[in-house]
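J.: The sequence and its predicted three-dimensional model are supplied below.
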Amino acid sequence: MSEAVGTILELRDATIKFGGLTAVDAVNFSLQKGDLFGLIGPNGAGKTTCFNLITGVYKPTSGSIFFNGKDVTGTPSSKIARLGIARTFQNIRLYPALSVLENVVVGAFLRHKVPLASALAYLPGAIHETDELKAQAMQMLTILDLEKVANYRSADLPYGMQRRLEIARAMATQPQLLLLDEPAAGMNPNEKEDLMNTVRRLRDEHGKTVLVIEHDMRFVMNLCEKIFVLDHGEQIAYGPPSEVRNDPKVIEAYLGEAV
Amino acid sequence: MFWLKRAGSLAAGIGLCFLIDFLAHKQNDYAQRLIVFAALYITLSVSLNLINGITGQFSIGHAAFYQVGAYATGFITVKFFESAHMPPIAWLLLMLVVGALAAGVAGFVVGLPSLRLRGDYLAIVTMGFGEIIRIEVQNTPALGGSYGMSVTPKIQPIWLVWLLAISCIAVCRNLIKTAHGLPFLAVREDEVASSAMGVNVTRVKVTAFVIGSMFAGAAGALLAHQEGFITGNFFSMDISFIILTMVVLGGTGSITGSAVAAAFLFYLPEKLRDLKSPDGTALTVTPASIAAALLGVVIAVAIIKRVMDHSHRPKAVKAAMYLGAVVLAFISKLVIGMILMKIPAMSPPKIEAGQLRMVIFAVTLIVLMLLRPQGIFGHHEFSWTWLKSLFTRKKTGPTDPAPAVAA
């Protein structure tokens, strides 16, 4: 895996052990700018752990992670977000008591420039910045088709909308790389179709590189151009959907060994 | 235009403080003291609300910051006031800053372990911190030990105490009104998600602790100079818990709720102290009527809770049901009282109602928490639009129907 010009994210022998369990074992993969990259595998394969390694929730036991050619291994979460990696969560982690708009403003807030003292004194700078961040957040809500519910409490939204709101919040940080952890979970077929189009638009119109974890095979195979398959923390396949789909190891991992 | 408005609201705030000062000076010493303490408790509860309600860090050692402010400035005043040759008010303003800084440093020190601890564990640490400060002071002869410390001279501007309370409310309200408040709320709601959104969780928590404790320290500085005497008992764990109760009762996270609850909880036991019967003598009650009253309260609460479960009824019907519950409880109180009076042990001797003030206080708290577990104001802030929305059935927020997309 050489460092190509367009490489945005690279995992080199990323490994993490929890006690005796090796959750992710020497995983190597890299994303080019503009990729729609799928990360799949059976339950417990280590997909979300991979996300947690990339976003600095866990520090790898060994190996390293490069973002835009820079070693970001063990960088804390909040710094990773500032560098340009945003994520959504498998178990939705919105701010339930806050409004939909406020949820997204939290994402946009990392670009604030006005010091806290100005906000505490309610000076014009802080007021204007608040309006500006709200306007930016509103744009994100429009992209994700949530602008009509901007003033609802996020906990009151139906499940599918909460998933989209998570994406809007992540997008508000203006990331280069977007990590989506099971974005289609709990959605009906129509919503999945819409979501697929939305994610494509995020790449095509907004220039994001997207890394998706998803269990819905139809969704991943249709959406992603490259797919990386994990099982028991190890790579078992990598390639375009057509190849991965027919890989005997993948079939075995999902359906069990042929008798 | 902005600055004109701002100057207007500043003038209004300061004007209000001087008005309170003016009115307070027409009252007797006891009433003046109550007015001062009400403002101190408002400051304490609103500042704790920033840590506890807004940022979600369960701290129950707020009296410690209050104490740090009081003792730091008391000590300095005793040592240096004479030689400083400053006008008392200027000196007090200086002490206000010193008290805030001292407590701010303490808040920083307590804020640091809070990075690693959550919920109950943080509560234990803050409680421990509060006790360490109190016991440490009690065993330091230079600070008066358990005899307490006399702070001379007394400097007692009532307006400044209220100015501090209003500033504290204003600062918290400003924080929540701007985007800068959102990371604080976000940390309360979900730390993991917040750091994934680029929020520096550590910094937010420590900032909340520092700002909150600075206000408590400033309040402590004013307390020391108002009272002219401070001792560890002023800052015991009870005080921390009373402040916490004010925050919870007002509605965790609601600034106006904390302020209102602080005034209410402070005045309630004081007002109960001198309950009078119509002829002007101290009000006395029989054990029978106490028992009957408690049963009456239980009946009222039970019925009202049942009514609350039928939330779909129109407001007018519900109001009538609440009223009915209260009337029914009152009647049953009278009936039960008459029956109990037949029992010799339950009729006289009479008890002075004033002695029961802490019982009434406790019952009030229990009833409020049963009927309104989210606090008086819930997550809301007091505002005229909110008040209106209570009476017009229209929910606050968007009016269009709920989103139709089902999960």
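T.: Thanks, I have the structure now. Quantities reported herein were computed from a predicted structural model and do not represent experimental measurements. Numbering: from 1, shown residues only, chains lettered A, B, ... in the order given.

J.: So residue A:66: helix, strand or coil?
T.: strand (DSSP: H, G, I helix; E, B strand; the rest coil).

J.: and it, how many residues sit next to it?
T.: Each residue near residue A:66 was counted by other CB atoms under 10 Å in any protein chain shown, and the total is 18. Bear in mind the C-beta positions are built from the backbone N, C-alpha and C, glycine included.

J.: cool, residue A:84 as well?
T.: Neighbour tally, residue A:84, other CB under 10 Å: 18.

J.: Check whether it really touches residue A:177, as I assumed.
T.: Yes - here residue A:84 reaches residue A:177: they are 6.4 Å apart, a contact under CB atoms under 8 Å.

J.: Strands of chain B, residue ranges please.
T.: Taking DSSP state E as the criterion, chain B carries its strands at B:149-150, B:229-230, B:284-285, B:351-352.

J.: got any residues that touch both of residue A:84 and residue A:177?
T.: Counting by CB atoms under 8 Å, 6 or more residues apart in numbering or on different chains, the contacts common to residue A:84 and residue A:177 are residue A:67.

J.: check whether stretch A:212-226 contacts chain B.
T.: No - in terms of CB under 8 Å from any CB of the partner chain, no part of stretch A:212-226 sits within range of chain B; the closest distance is 14.8 Å.

J.: ok, and what's touching that stretch?
T.: By CB under 8 Å, 6+ apart, stretch A:212-226 touches A:35-40, A:47-48, A:51, A:90, A:179-185, A:192, A:195-196, A:199-200, A:227, A:238-241, A:245.

J.: okay, and the helix or strand of chain B with the least pLDDT?
T.: helix B:384-391 (a mean of 70; mean pLDDT, DSSP states H and E).

J.: How about that helix and chain A, touching?
T.: No - on the criterion CB under 8 Å from any CB, helix B:384-391 is out of touch with chain A, staying 13.5 Å away.

J.: now the helices: where do they sit in chain A?
T.: Under the criterion DSSP state H, helices of chain A are mapped to A:47-54, A:77-83, A:100-108, A:116-120, A:124-143, A:159-172, A:189-204, A:217-223, A:241-246, A:248-255.

J.: Would you point to the one among those helices that's packed deepest?
T.: Greatest average neighbour count among the helices of chain A goes to helix A:100-108 (a mean of 27), per mean count of other CB atoms under 10 Å in any protein chain shown.

J.: got the contact list for it?
T.: The contact list for helix A:100-108, computed with CB under 8 Å, 6+ apart, reads A:86, A:94-95, A:98, A:133-134, A:136-138, A:140-141, A:146, A:149-154, A:157, A:165, A:168-174, B:179, B:182-183, B:185-186, B:194, B:197-199.

J.: Same question for stretch A:12-20.
T.: A:1, A:22-28, A:49-50, A:53, A:58-66.

J.: Mark which of the residues you listed are buried, thanks.
T.: If you count burial by 16 or more other CB atoms under 10 Å in any protein chain shown, the buried members of the contacts of stretch A:12-20 come out as A:22-25, A:27, A:49-50, A:53, A:58, A:60, A:63, A:65-66.

J.: Just list the residues touching residue A:199, thanks.
T.: A:36, A:180, A:183, A:210, A:212, A:223.

J.: Flag the shaky bits of the stretch 51-200 of chain A, pLDDT-wise.
T.: Across the stretch 51-200 of chain A, nothing is flagged by pLDDT under 70.

J.: hang on, residue A:27 packs against residue A:47?
T.: No - taking contacts as CB under 8 Å, residue A:27 lies outside contact range of residue A:47: 10.3 Å.
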